[in-house]
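[1] What shape does this take:
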Amino acid sequence: MKTNRRTGGLVTLAIVLSGCGALEPDVDSSESNLELRPLAETVAALAAEAPARSPGTEAAIAVRDLTTDEYAGANDIERHVSASSQKLIWVAAAMSTGADVTDIAGPIFRYSDNNISGIAIDRAGGADAVNQFMWDLGMDRSLLANWNNHHASEQGRLGGNNYFTAKDTVHFLTRLDRGEILDGPRKDELEHYMTWSPRTGAAAPLATLLPAEVRASMMHKSGWLPRQPYVDLSVMNDIGIVQVPGGHRYAVSILLHHGLDYWGKQRQFLEYASCEIYRSISRDAALNCNGGGGGACTVQDGKLNCPNASNTPMHQKPSSAADSPIVNTLRTTKSWFTCWVPGELHAGGNTTWYFTQGDDNANWGFVPGSALETPDAFDADPTARGLARCAD
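    So this is what the prediction gives:
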């Protein structure tokens, strides 16, 4: 009954973009506008295109080629609200004290669980200890001010919001990958956890337009604060380490905020910028940086058949909170789902959860939309695509 369950079957660039009265270049969205260029030239071209691609967006992008140590940047020390991307640094801070994080890494990297992330801060020694960890690494313009019941002595420059810079985050990723933060086995452990972050969908804009092999191995942590309800922030970040198959390895940080079209043009610009940086470093002229993501999901006989992440925990309710225990696990990577229901905001950037039966026992449960390869448009209204809402 449960077979074939997933059916569907440091170069640094930081760009501040403003559209105030400036002439905007024409943008042909049907194909990549950039020829294969050196990284610094690619960065300059992206900066020129950005205002037309995502009006209102202010962007900071940082990249270091870890193979050649090439580095370039613009406005890379601008502070940006970090959202959930900073959770990666909190886990590293906890691990640097010798703390065990095996019990919290899954919820943090797979689902960006806010409550569990606070445990990482505790194991690092508290908010002030996390800040000292970052400053000791040279991340002088980064700060953890507040998170749930954690409050730092220093409240920083952004009204009590947590922040970092593109330059600081790529500096962190570079030192992590070189084994300068954690020793070999623990460094490998953390980088393995980073591969647990979503590969597709709203929680993986850094990966969306990259080749499938690259998406599978990419190590990253995204963060988001959507324009609604965070109209003054509109934050979308993704930081990570990318390995070109048989080629170079690089650290990248793309931080965006204030975009007027959050899930549309701002997200698309992040995907596009990531892809163009990959083209430049990999020298892959054939890669199309204006393609679209989306999973092979279909609705047949009232059931959604869709690829999903393997070993996905299933909850009693559409939430990962303490009152919604894990009741089963989806082990396979092609599954069917009988209905959907709105629930807790999850790593996919929406509140859609799907209902199915698991593989470890007879229990049914809910999984977040971020675990499926459903396109954003499907998650926005599954009923319109033929999947019924679960009965109350």
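[2] For the nearest residue to residue 330 once chain neighbours are set aside, give its distance to residue 104.
    Nearest residue to residue 330, sequence neighbours excluded (C-beta to C-beta, 6 or more residues apart in numbering): residue 312, at 4.3 Å. Any C-beta I mention is one placed from the backbone N, CA and C, and that applies to glycine too. Distance, residue 312 to residue 104, using C-beta to C-beta, to the nearest Å: 17 Å.
[3] ok, back up a step: just to check, the residue nearest to residue 330 is in contact with residue 366?
    No: contact criterion C-beta atoms under 8 Å: residue 312 and residue 366 do not qualify, at 10.5 Å.
[4] More neighbours: which of residue 312 and residue 104?
    Set residue 312 next to residue 104 and count neighbours by other C-beta atoms under 10 Å: residue 312 wins out with 25 against 21.
[5] Now do the residue nearest the centre of the chain against residue 198, distance only.
    The chain has residue 222 as the residue nearest its centroid, 2.3 Å off, counting by C-alpha atoms, centre = their mean. Distance of residue 222 to residue 198, given as C-beta to C-beta: 8 Å.
[6] Ok, residue 337 next?
    Taking C-beta to C-beta, one finds residue 337 at 17 Å from residue 198.
[7] Show me which of those two is the more surrounded one.
    More neighbours surround residue 337 than the other of residue 337 and residue 198, with 28 against 25 (other C-beta under 10 Å).
[8] thinking again about what came up before, report the contact partners of the residue nearest to residue 330.
    110, 329-330, 367, 371 (C-beta atoms under 8 Å, 6 or more residues apart in numbering).
[9] Return the subset of those residues lying in strands.
    329-330, 367 (DSSP state E).
[10] where does the chain have low pLDDT?
    For the chain, the stretches flagged by pLDDT under 70 are 1-35, 291-296.
[11] can you tell me which residues contact the nearest residue to residue 388 once chain neighbours are set aside?
    Using C-beta to C-beta, 6+ apart and skipping the chain neighbours, the partner closest in space to residue 388 is residue 339 (5.1 Å). Contacts for residue 339 (C-beta under 8 Å, 6+ apart) come out as 354-355, 387-391.
[12] Could I get the full set of strands for the stretch 51-200 of the chain?
    58-65, 71-72, 80-81, 146-147, 150-151, 163-164 (DSSP state E, counting those that start in this stretch).
[13] Dump those strands into a markdown table; add distance to residue 316 and mean neighbour count as well.
    As requested, those are arranged in a markdown table below (distance: least, C-beta to C-beta, whole Å; neighbours: other C-beta atoms under 10 Å):
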| stretch | distance to residue 316 | mean neighbour count |
| --- | --- | --- |
| strand 58-65 | 40 | 27 |
| strand 71-72 | 49 | 20 |
| strand 80-81 | 33 | 26 |
| strand 146-147 | 26 | 17 |
| strand 150-151 | 28 | 16 |
| strand 163-164 | 36 | 26 |
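[14] could these be laid out in CSV, adding distance to residue 49?
    Listed next are these as CSV, based on distance: least, C-beta to C-beta, whole Å:
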stretch, distance to residue 49
strand 58-65, 11
strand 71-72, 17
strand 80-81, 20
strand 146-147, 35
strand 150-151, 39
strand 163-164, 25
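[15] Which one, of the ones you listed, ends up nearest to residue 284?
    strand 58-65 (14.7 Å; C-beta to C-beta).
[16] Walk me through the domains of this protein.
    Domain ranges of the chain: 39-282, 298-385, per automatic domain parsing.
[17] How many residues are close by residue 282?
    Residue 282: 20 neighbours (other C-beta under 10 Å).
[18] since we're on residue 367, how many residues are nearby?
    25.
[19] shared neighbours of residue 222 and residue 198, which are they?
    204, 347.
[20] Out of the ones in strands among the contacts of residue 312, the closest to residue 323 would be?
    For those, the nearest to residue 323 is residue 367 (17.1 Å; C-beta to C-beta).
[21] Hmm, that closest one is touching residue 327, no?
    No: contact criterion C-beta under 8 Å: residue 367 and residue 327 do not qualify, at 10.9 Å.
[22] any common contacting residues for the two?
    With C-beta under 8 Å, 6+ apart as the test, residue 367 and residue 327 both reach 314-315.
[23] export the domains of the chain to a markdown table and tack on distance to residue 290?
    Below are the domains of the chain laid out as a markdown table (distance: least, C-beta to C-beta, whole Å):
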| stretch | distance to residue 290 |
| --- | --- |
| domain 39-282 | 7 |
| domain 298-385 | 16 |
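[24] among these, which is nearest residue 289?
    With C-beta to C-beta as the criterion, residue 289 lies closest to domain 39-282 of those, at 3.7 Å.
[25] for that closest one, the distance to its chain's centre please.
    8 Å (C-alpha atoms, centre = their mean, to the nearest Å).
[26] what's the span of it, first residue to last?
    Start to finish, the residues bounding domain 39-282 are 10 Å apart (C-alpha to C-alpha, to the nearest Å).
[27] now swap in stretch 327-343 and tell me
    Termini of stretch 327-343 sit 17 Å apart (C-alpha to C-alpha).
[28] Can you get me a residue count around residue 385?
    Using other C-beta under 10 Å, residue 385 is surrounded by 17 other residues.
[29] cool, and residue 201?
    Going by other C-beta under 10 Å, the residues that sit close to residue 201 add up to 26.
[30] Kindly report the same for residue 341.
    Other residues lying near residue 341 total 17 when counted by other C-beta under 10 Å.
[31] What is the burial count for residue 50?
    26.
[32] Just the buried residues of stretch 222-242, please?
    Neighbour counts over stretch 222-242 (16 or more other C-beta atoms under 10 Å) mark 222-227, 233-242 as buried.
[33] hang on, I meant stretch 65-75
    The neighbour-count check on stretch 65-75 (16+ other C-beta under 10 Å) flags 65-66, 70-75 as buried.
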